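A.B. asks: got a predicted model here, sequence first, then my questions.
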Amino acid sequence: MLYLDHAATSPVRPEVLDAMRPYLTSVFGNPSSHHTAGEAASHALKDARRRVARVLGMRSGDVVFTGGGTEANNLAVKGIVLAALARGRRHLVVSPIEHESIRESAEFLRRFHGVEVSSVAVDAVGRIDADALRAAIRPDTALVSIGHANNEIGTVQDAADLARVTRESGVALHLDAVQSAGWLPLHDLGADAVSIAGHKLGAPKGIGALAVRGRVPLEPLLHGGGQERGRRSGTENVAGAVALATALDLAEAEREPTAERVGAATARFVAAVLTAVPQARLTGDPVHRLPATASFTFAGTSGESVLLELERRGVISSSGSACAAGDDEPSPVLLACGVDPAVAQTSVRFTFSRDPLPSDAPERLAALVAESVRAVLR
C-alpha cells in the first residue's frame, strides 16, 4: 500500500517517539507539582513551549498547548471573540473554505452569543482578495479567522497581504496553519494567533498548540486549575508537548529542501494525471499551493468509486477533509470555488509524505489514477 493521505494524518517519526518516551515512563511527574518529579516535567514543558514559539515567531508565553488543531481553532475563534464581546465587538469574519472547526465555532458564536458572522468570498482557486477582506471588516469586527493553507485543495493564502489589512483596521488575525506547518515558513506571517497540530507533522494525535500574542485578550474554554497561564486548564500533556516541539523542529530544519523536492514530484504527478485523464481538473491554485497536495475532480465519475479502485491498486487517498468523513454532500470548499455540485462530488485528494519516492513514482501513480478512472467509467 502507498499511503497518500498525509493531510489527514502522518505516522509518528522515530525521533519523536524517542524524545517523548521519557515523559511517559521515568519523568512522569505533574508539571504543577512542587517537587523534583514535577519540576523535571515542568522544565520539559517550558523547553517545548520555547521551541514551538521560536518556529512560530512568537514568545514562549504566547503558546498554549491544546488537544489538537480542532481545539486550537476553537480556542482562537471562540476565545478571542468572547473576550471582545465585553468591548462591544460582536462581528467575526471567516471564509467559506475554512476547516469545520472554524465554521462550527463561528456558528456556535452566532447561535448562542448573537455574534454576526461575515464570510469573505474566495475566487475560483480559493484565494481571498485583500480588498474583499477590507470591505468585510467593520468597526465592531473582533476577529478575522482564515486558513493559511486549505486542507482540501492546498491553496495558500497571501498571509502578509491579509495581515496588512487587519493591522490597518485594528482587528486581530487568526491563521489556521495546521496544514502549512512544516511546509511553509511560519515565522513572519504577521498573524496575532496561529494554530498547529502535531499529527500532521509526525507527532502523535491529540497534541496541538495555539500561539496567541499576549496583547490579544483570550477567554478560556476550559476552566479549572488555571494551567497554561489561565488560558487552558487541565494537567498538561508533557510527552505530547515534547513530541510536538520535536516534530516541528525536525520539519522546520528540513523544510526548504523537502518542500522543493516534494513540490517537484507533485508537479510531475499533476502534469501526468492531466495528460492521462481527459476528465481530470486540478482544483485549487496551480501556483500558490502546498508542495505535497494535489486535488482533482473527475467529471462523470464518483469520487468514492475512484478511491475504491485506487485502493484495489494499492493507493490510499481521500475525497477531501477527513473531518467530514461520512458526509456525502458536495464539498463546501469546492462549491465556494464555483465547482458544480455534481462535479464536486467526484473530488479526489492526494497528499504526499516528506519521505522520498522512487524516481518514476509520479508517472506510475498517474497511470494508476488513469486505470482507476477508466474502471469507474466502464
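C.D. replies: Nice, I can see it.
A.B. asks: which of the residues in stretch 25-34 are buried?
C.D. replies: Judged by neighbour count (16 or more other CB atoms under 10 Å), stretch 25-34 contains these buried residues: 27, 29, 31. Where you see a C-beta, it was placed from the backbone N, CA and C, and this is true even at glycine.
A.B. asks: same check on stretch 54-71?
C.D. replies: Going by neighbour count (16+ other CB under 10 Å), the buried part of stretch 54-71 is 54-58, 62-71.
A.B. asks: likewise stretch 353-370?
C.D. replies: Buried residues in stretch 353-370, counted by 16+ other CB under 10 Å: 353-354, 357, 362, 365-366, 368-370.
A.B. asks: try stretch 112-132
C.D. replies: 115, 117-120, 122, 125-130.
A.B. asks: what sits up against stretch 283-293?
C.D. replies: 6-7, 125-127, 149-150, 152-158, 179-180, 183-184, 258-260, 262-263, 266, 295-297, 334, 337, 339, 347, 349-354 (CB atoms under 8 Å, 6 or more residues apart in numbering).
A.B. asks: export that stretch to PDB, keeping only CA atoms.
C.D. replies: The C-alpha coordinates for stretch 283-293 follow below in PDB (Å, rounded to 0.1, in the frame of the first residue of the first chain):
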ATOM      1  CA  THR A 283      -8.600  22.100  -8.000                       C
ATOM      2  CA  GLY A 284      -7.100  25.000  -6.000                       C
ATOM      3  CA  ASP A 285      -4.400  27.500  -7.000                       C
ATOM      4  CA  PRO A 286      -1.900  25.900  -9.500                       C
ATOM      5  CA  VAL A 287       0.900  28.200  -8.200                       C
ATOM      6  CA  HIS A 288       0.100  29.200  -4.700                       C
ATOM      7  CA  ARG A 289      -0.400  25.700  -3.200                       C
ATOM      8  CA  LEU A 290       1.100  23.300  -0.700                       C
ATOM      9  CA  PRO A 291       4.000  21.300  -2.100                       C
ATOM     10  CA  ALA A 292       2.500  17.900  -1.200                       C
ATOM     11  CA  THR A 293      -1.100  18.400  -2.200                       C
END
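A.B. asks: could you list the low-pLDDT ranges of the stretch 201-350 of the chain?
C.D. replies: Confidence mapping of the stretch 201-350 of the chain against pLDDT under 70 gives the ranges 320-328.
A.B. asks: farthest-separated two in the buried residues of stretch 353-370?
C.D. replies: R354 and A370 (26.0 Å; CB to CB).
A.B. asks: ok so, going back, going by distance to L175, which of the buried residues of stretch 112-132 wins?
C.D. replies: Sorting the buried residues of stretch 112-132 by distance to L175 puts I128 at the head of the list, at 11.7 Å, by CB to CB.
A.B. asks: what's near enough to touch that closest one?
C.D. replies: Listed by CB under 8 Å, 6+ apart, the contact partners of I128 are 95, 120-122, 146, 157, 162.
A.B. asks: ok, G208 next?
C.D. replies: 65-72, 178, 195-198, 244.
A.B. asks: let's see 7 Å
C.D. replies: 66-69, 71-72, 195-198 (CB atoms under 7 Å, 6 or more residues apart in numbering).
A.B. asks: how about H91?
C.D. replies: By CB under 7 Å, 6+ apart, the contact set of H91 is 116, 118, 138, 140-142.
A.B. asks: now with 6 Å?
C.D. replies: 116, 138, 140-141 (CB atoms under 6 Å, 6 or more residues apart in numbering).
A.B. asks: and those, which are buried?
C.D. replies: Members of those that pass the buried threshold by neighbour count (16+ other CB under 10 Å) are listed as T141.
A.B. asks: nearest to N237 among the contacts of H91?
C.D. replies: Of all these, N237 sits closest to T141, with 33.6 Å by CB to CB.
A.B. asks: G29 against G38, yeah?
C.D. replies: Yes - counting by CB atoms under 6 Å, G29 sits close enough to G38 to count as a contact (4.2 Å).
A.B. asks: what residues does stretch 130-149 touch?
C.D. replies: 77, 80-81, 84, 89-95, 98, 102, 118, 120, 156-157, 159, 161, 165-166, 169, 171-177, 179-180, 290.
A.B. asks: please, where are all the strands along the stretch 51-200 of the chain?
C.D. replies: Secondary structure of the stretch 51-200 of the chain (DSSP state E, counting those that start in this stretch): strands located at 63-66, 91-94, 116-119, 141-147, 172-176, 193-197.
A.B. asks: need the buried residues of stretch 25-34 in CSV (columns: secondary structure).
C.D. replies: Supplementary listing: the buried residues of stretch 25-34 in CSV, determined by DSSP: H, G, I helix; E, B strand; the rest coil:
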residue, secondary structure
V27, coil
G29, coil
P31, coil
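A.B. asks: now the angle from the longest helix anywhere in the chain to strand 193-197?
C.D. replies: Ranked by residue count under DSSP state H, the longest helix found in the chain is helix 238-276. Here helix 238-276 points in a direction 80 degrees away from that of strand 193-197 (axes from the mean of the first three to the mean of the last three CA atoms, to 10 degrees).
A.B. asks: for the following helix or strand past helix 238-276, packing partners?
C.D. replies: Beyond helix 238-276 in the direction of the C-terminus, DSSP states H and E gives the next helix or strand as strand 280-282. For strand 280-282, the elements it packs on are helix 238-276, strand 293-298, judged by 3 or more CB pairs under 6 Å, 6 or more residues apart in numbering; DSSP states H and E.
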